[in-house]
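Visitor: Structure, please.
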Amino acid sequence: MGIHTSAYLAYGAPITGVRYGDDLDKPLATYNAAVIYPDQHRDSVGHLEAGSYDNDKLYLVTYCAEADLDDPERLTAADLNPLHSSFWDEHLHAAAKACGVGLMSAPGWLLIAAQS
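Guide: Numbering: from 1, shown residues only. This is a model prediction of the structure:
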């Protein structure tokens, strides 16, 4: 048995009010079905459970990619566009409300180290 270390690059925020990501699947599916996104894969709201071994935190995220060794995750200038970020911010806040959870901080770019 070994420990696998990875990292995620995501746009989102940590949340409170729910312990398990599975509890968010149904309300997020309902929320995302009601919204028309410019790019469904990058813009829809999802959740991520990541952190130190046996001490994961739960995040609401839009863009999320696992960055593996020797396979860096690339951002473009468009990804950093403040108009796109404000679009994501709006939907992260609305999805949090729809799920009955709170954002622990303002949404932003997160680099999250994880062990499993």
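Visitor: immediately after the helix or strand bottoming out on mean pLDDT in the chain, which helix or strand?
Guide: Ranked by mean pLDDT, DSSP states H and E, the weakest helix or strand in the chain is helix 40-43, scoring a mean of 72. Downstream of helix 40-43, the next assigned helix or strand under DSSP states H and E is strand 46-52.
Visitor: got the buried residues for the top helix by length along the chain?
Guide: Longest helix in the chain, counting residues (DSSP state H): helix 82-99. Using 16 or more other C-beta atoms under 10 Å as the test for burial, helix 82-99 gives His84, Ser85, Trp88, Asp89, His91, Leu92, His93, Ala95, Ala96, Ala98, Cys99. C-betas here are computed from N, CA, C, even on glycine.
Visitor: residue nearest the centroid of this structure?
Guide: What sits nearest the mean C-alpha location of the chain, by C-alpha atoms, centre = their mean, is Val61, with 1.8 Å.
Visitor: one step back: helices or strands up against the longest helix of the chain?
Guide: strand 5-16, helix 25-33, helix 40-43, strand 55-67, strand 102-103 (3 or more C-beta pairs under 8 Å, 6 or more residues apart in numbering; DSSP states H and E).
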